[in-house]
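Chemist: coordinates only, no sequence provided:
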C-alpha cells in the first residue's frame, strides 16, 4: 500500500498489516547471524565454532582421500558431535546456528552418531557387530 503524498510534501504513515507483503524486499536475520566473539575481532575469530567443525570435517575428508576410510569417517562423525556439544554449551556460536538450538543439536548429534556407528561397522573387520542390522540387511537384500 503506497503512502499518499500531501500538497506540502509530507506523506501519511503506512498502515501496518499482519499479512505478508506480496513483494519481499528483505529477509529476517538468521539466529546464526550473531557473533561468537566481539565485533572488533577479525571475521574468522568471530566464527570459530563453525570453523572448528568444518576443520574437523576437512581433516576427516583428507583422511578418507588418503585411504584411511574408517578413521576419516570417525573424525567426520566426531566433528559433527562436537558441533552438537558446541551448540549446546555456547550461548552464541555464530553461523554454526542454522535453526533452533534443539533442532541444530538433534541434527548434528544424530548425523554424527550415525556416521560414527557406521564407520565402526564398515567391512572388513568391523569394530562393532549389531545383529539386528545384519537381519535387516539380509531381509532387504533377499
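Modeler: Good, I have the coordinates. Here the structure is a predicted model, which is why all the values come from computation and not from measurement. Residues are numbered from 1 along each chain as shown.

Chemist: show me the shaky parts of the protein.
Modeler: 1-15, 17-39, 41, 141-142 (pLDDT under 70).

Chemist: helices of that one, start to end?
Modeler: If DSSP state H is used as the criterion, the helices of the chain fall at 43-46, 48-65, 69-89, 101-121, 131-141.

Chemist: residue 16 is nearest to which of those?
Modeler: Nearest of the helices of the chain to residue 16, taken as C-beta to C-beta: helix 101-121 at 30.1 Å. The C-beta positions use only the backbone N, C-alpha and C, and glycine is treated the same way.

Chemist: may I see the helices of the chain organised as JSON lines, with distance to residue 16 and mean neighbour count added?
Modeler: Formatted as JSON lines, those follow (distance: least, C-beta to C-beta, whole Å; neighbours: other C-beta atoms under 10 Å):
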{"stretch": "helix 43-46", "distance to residue 16": "34", "mean neighbour count": "13"}
{"stretch": "helix 48-65", "distance to residue 16": "36", "mean neighbour count": "17"}
{"stretch": "helix 69-89", "distance to residue 16": "35", "mean neighbour count": "19"}
{"stretch": "helix 101-121", "distance to residue 16": "30", "mean neighbour count": "16"}
{"stretch": "helix 131-141", "distance to residue 16": "55", "mean neighbour count": "9"}
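
Chemist: nearest to residue 95, of these?
Modeler: helix 48-65 (4.8 Å).

Chemist: for that closest one, packing partners?
Modeler: Judged by 3 or more C-beta pairs under 8 Å, 6 or more residues apart in numbering; DSSP states H and E, helix 48-65 is in contact with helix 69-89.
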